[in-house]
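> Only the shape, not the letters, is given here:
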């Protein structure tokens, strides 16, 4: 199954100020996430950003916010985004069959969201270099579980070039510059 922009939406989960610093290899994850967000905008892929209990965990980190034109977020208190009525409605409203997922923590909010999206019959693509946990083994184990449950694993660069399709794409030069 190939990612196509017209069939794809993206969900960015809880990249928040008080959570991200505790994530293993957080700087690399945030850097890739910024590239992903910028690249997805080139294809007009709908994106939603969740924030878990903003009062306690803070806002989305500035670099992710700044990467997105007209940034806004959806508040949640459940671990799975699908248990938040607003986010579940957004997913349904997009009408997209493919959902790219990234965020923190991989083994909690990301994994529970992925499992619920799969249960809803969607094709879920987990952007492995744009997810993280406090402990490396938690991420490693949850990646195995999500893949076994039916999620597709990808990377930021792989997803963006898959959406690009080839060197003749109008987005090719922009995407090539972003990933360098």
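Perfect, thanks for sending it. Please read these numbers as outputs of a predicted model, since none were measured by experiment.

> before we move on, what SS does the residue lying closest to residue 102 once chain neighbours are set aside have?
Leaving aside its sequence neighbours, residue 102 sits nearest to residue 130 (Cβ to Cβ, 6 or more residues apart in numbering; 3.4 Å). Where C-beta positions appear, they are placed from N, C-alpha and C, glycine not excepted. Here residue 130 is recorded as strand under DSSP: H, G, I helix; E, B strand; the rest coil.

> Test my guess that residue 130 contacts residue 34.
No: contact criterion Cβ atoms under 8 Å: residue 130 and residue 34 do not qualify, at 9.4 Å.

> Which of these two has more residues huddled nearby?
When residue 130 and residue 34 are compared for neighbours, residue 130 comes out ahead with 31 against 21, by other Cβ atoms under 10 Å.

> looking at this, residue 103 is in a strand?
Yes: counting by three-state DSSP, residue 103 is found in a strand.

> Show me what the longest helix anywhere in the chain is packed up against.
If you go by DSSP state H, the chain has its longest helix at helix 26-42. Helices and strands touching helix 26-42, by 3 or more Cβ pairs under 8 Å, 6 or more residues apart in numbering; DSSP states H and E, are strand 8-13, strand 47-52, helix 62-66, strand 98-104, strand 123-132, helix 156-164, helix 172-179.

> Which positions in that helix come out as buried?
Burial within helix 26-42, assessed by neighbour count using 16 or more other Cβ atoms under 10 Å, is assigned to 26, 29-30, 32-40, 42.

> what residues does it touch?
10, 12, 15, 20, 23, 47, 61, 63-64, 67-69, 100, 102, 104, 127, 129-132, 155-157, 159-160, 163, 171, 174-175, 178-179 (Cβ atoms under 8 Å, 6 or more residues apart in numbering).

> quick one: contacts for the residue positioned nearest the centre of the chain?
What sits nearest the mean C-alpha location of the chain, by Cα atoms, centre = their mean, is residue 102, with 2.6 Å. Taking Cβ under 8 Å, 6+ apart as the criterion, residue 102 is in contact with 10, 11, 12, 13, 33, 36, 110, 126, 127, 130, 131.

> Wait, residue 11 touches residue 73, no?
No: contact criterion Cβ under 8 Å: residue 11 and residue 73 do not qualify, at 11.4 Å.
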